[in-house]
Structure formats: structure tokens, C-alpha cells
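Participant: Predicted model, plus sequence, below.
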Amino acid sequence: MTVERVQSRNLHSAWDTDLVKEVESGSTAEATAEQLNEDFQSNPATDSFKWQSGESGTADDLARESRGLAESEIYVPLSIPKQPCQTEMASCSNAPPAVQDLDVNLDPAYTDTASAVVRAQLTKAGMRLATLLNSFWP
């Protein structure tokens with residue numbers, strides 16, 4: 001599936017909003033969930049957690065997975081330098097010059113790959129949530 005060029009204000013909004021909207025493709029939440037489920041049934045997502053057997057991993061495990069994906073699928077392909085986390089930053093305008101001066105181009109090849117990552121992460125999140133809810137209300 002080819003995703004049209006994503007026009008975002010910044011990389012954060014591209015991943016948090018625009019790429020998710022691409023996955024939705026104008027459908028309802030229910031239709032999107034059904035499509036993600038069908039995709040998963042025909043091509044199960046790989047996941048380092050045993051969420052299918054009720055073991056969802058810890059919050060730290062999930063954060064490590066997300067960070068690893070951010071590095072391998074977002075920052076490295078765009079040649080974004082790794083910077084230490086600066087929690088005192090009030091806004092992106094306070095980011096290091098090496099980050100502020102980047103010309104980030106989200107071309108179709110990048111957004112195709114990114115869309116696949118978003119689809120897999122949304123699917124895993126839904127499955128993990130369903131497993132958690134099922135553990136409370138079997």
C-alpha cells in the first residue's frame with residue numbers, strides 16, 4: 001500500500017496524527033479495527049511480548065520497544081542525530097541546533113514504511129488491551 005506524501009507541521013505530528021489518519025483512510029474506528037484485525041489474521045505481527053498468552057510485558061518493556069522502534073524506524077532513516085533527552089525543554093524551539101536545522105523529508109518510501117509500523121503498533125496495542133480487559137472480565 002502506498003501512502004501519499006505526508007504533509008505535517010513536524011515529525012511528531014506526522015507520527016501521532018497524520019500517519020494514523022492514513023491508516024484510518026477515512027473509515028470509522030470500527031472499520032479500521034476490523035481491517036487491522038483481518039490484516040493481523042493473515043499476517044500476524046511479530047512481538048517480543050507473549051501478549052497472546054496473557055503476558056503483556058511491563059510498562060518499561062513497552063517503552064523500550066517504542067524507543068527501539070523510534071530509533072530504527074524514525075530517526076535513523078531520516079539521519080536525525082541522537083540527542084540526550086532534555087526534559088527541561090519547554091518547546092521544540094529549545095531543541096539543539098543540530099535537530100532544529102534538519103530538513104526532514106517524508107517521501108513516499110518513508111511514509112510507506114512508517115505506515116506499516118503504525119499499523120503493526122496499533123494492532124499490537126489493540127490486542128494487548130483486549131488481553132488485559134479479558135483478564136479482568138473473562
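Facilitator: Alright, I've got the coordinates. Numbers count the residues shown, from 1 in each chain.

Participant: Mean pLDDT per helix and strand in the protein: which one sits at the bottom?
Facilitator: Taking mean pLDDT, DSSP states H and E as the measure, the helix or strand of the chain with the lowest value is helix 97-100, at a mean of 68.

Participant: Quick check: next helix or strand after it?
Facilitator: Counting by DSSP states H and E, the element after helix 97-100 in chain order, helix or strand, is helix 108-136.

Participant: pLDDT weak spots in the protein?
Facilitator: Along the chain, the parts satisfying pLDDT under 70 run over 1-9, 44-57, 83-92, 98-104.

Participant: Tell me which residue lies nearest the centroid of it.
Facilitator: When C-alpha atoms, centre = their mean is applied to the chain, the residue found nearest the centroid is residue 118 (4.2 Å).

Participant: That one is in contact with residue 20, isn't it?
Facilitator: Yes. Residue 118 is within contact range of residue 20, at 6.0 Å (criterion: C-beta atoms under 8 Å). Using the backbone N, CA and C atoms, a C-beta is placed for each residue, glycine as well.

Participant: list the contacts for residue 123?
Facilitator: By C-beta atoms under 8 Å, 6 or more residues apart in numbering, the contact set of residue 123 is 36, 37, 39, 40, 45.

Participant: Now list the buried members of the residues you listed.
Facilitator: Buried subset of these (neighbour count, 16 or more other C-beta atoms under 10 Å): 36, 40.

Participant: Put together CSV for the contacts of residue 123, with secondary structure and distance to residue 129 on each row.
Facilitator: Listed next are the contacts of residue 123 as CSV, based on DSSP: H, G, I helix; E, B strand; the rest coil; distance: C-beta to C-beta, whole Å:
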residue, secondary structure, distance to residue 129
36, helix, 12
37, helix, 13
39, helix, 17
40, helix, 14
45, coil, 14
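
Participant: Considering the contacts of residue 123, which is situated nearest to residue 130?
Facilitator: The nearest member of the contacts of residue 123 to residue 130, counting by C-beta to C-beta, is residue 37 at 9.9 Å.

Participant: Against residue 97, how distant is the closest one?
Facilitator: Relative to residue 97, residue 37 is positioned 45 Å away (C-beta to C-beta, to the nearest Å).
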